[in-house]
Structure formats: C-alpha cells, structure tokens
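1. this one's structure only:
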C-alpha cells in the first residue's frame, strides 16, 4: 500500500509540472522571431508567344523539401503592373493571357513576377521569368510562275499526190502543194 501511495504522489507531481511548464520559466514564449516559418520556393516558367495568339503563364509554389503548396494565393505582375491573382492547385498556378492582352504588348522581352505573400506556416516568396513576344511572320509572296508564250501555229506545208490512169500502159503523176 505504501508503494501505491508513492506512485500516485509521483504521478501527481508529474501532472502538475507538465501543466505548469510555462509557470516555472521553462516554457515557450510567443515571440515571433523565435518560431521561424517554413521556407517556400516560387518558380516561374518563361514562355514565348507570337502576337495574335493567347498564352498561359505558370508557376510552381513548393516547400523547401519539394512538396507543392495547395490552395495558396499568388499575385501576378507583368512589367511591374498587376495582372491579377490565382490559387495554387497541388503547388501549381496559372494565369491566362488573352489574344488582346498579348496584342497590347510590344515585341521583345517582358518581365513576369509572381509573388506569394506567405501565411502563418510558410514564408513569402517571389519568382521571376520572361515573356518573350515575337512578331507574327509576314508572309513572303512566292513568285508565280511566269507564263511562257504558247507556240503559235506555224503554216504547215502538206504534199498531196494523185495518180490518174490514162491508159493501161502509162500513168501520169501530179503533185500539188498547199500553203
């Protein structure tokens, strides 16, 4: 019985100490600088588009160990101007540019920036890529074959021969030339 009382007393002391861990100065503080957020990595895919076509911009938002972050909001910028926002799906997010949005851009390189502002668990991240706008090719006329003149009919010469029998023993031959 004595041993049972001692075991109960020790367990009671352990329970009190566990519930009052912060009371004795050994607990965690709520100082935000001591609880680092997990890193996130934002990768933007560079893309090339021809004027007159639409295109899709895409990015991947992952943790530092490669797991995709789902249902997170990323913000899209093109040449420093906001394009909008989209949500990640298994770590991937896309932003479609319409034909008219592409047509409004000059040919050459444009900077794509995607920003993830972070949340309580993951630090924010930025990624950048390039949108290369190329001109629509101008059709070069193919030379049409030069018609060669058809040969004009030239006057033909034909020869006709007729034979007339005058007598049984002699024959007369005549040649007529037609022009």
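-> Okay, I see it. Quantities reported herein were computed from a predicted structural model and do not represent experimental measurements.

2. so what's residue 85 up against?
-> 73-76 (Cβ atoms under 8 Å, 6 or more residues apart in numbering). (Each C-beta comes from the backbone N, C-alpha and C, glycine too.)

3. Over to residue 55?
-> Shown in contact with residue 55 (Cβ under 8 Å, 6+ apart): 47, 49, 96-97, 102, 131.

4. Most neighbours among these, which one?
-> Using other Cβ atoms under 10 Å as the neighbour test, those are led by residue 97, with 23 neighbours.

5. how about the nearest residue to it, chain neighbours excluded?
-> residue 55 (5.1 Å; Cβ to Cβ, 6 or more residues apart in numbering).

6. repeat for residue 84
-> Counting by Cβ to Cβ, 6+ apart, the residue nearest residue 84 is residue 76, at 5.7 Å.

7. can you count the residues close to that neighbour?
-> Residue 76 has 21 neighbouring residues, counting by other Cβ under 10 Å.

8. Same question for residue 82.
-> 11.

9. Go ahead and confirm it touches residue 75.
-> Yes. With contact defined as Cβ atoms under 8 Å, residue 82 counts as touching residue 75 (6.9 Å).

10. follow-up on the earlier one: inside strands: which ones of the contacts of residue 55?
-> 47, 49, 96-97, 131 (DSSP state E).

11. which two in these are spaced the farthest apart?
-> 96 and 131 (12.6 Å; Cβ to Cβ).
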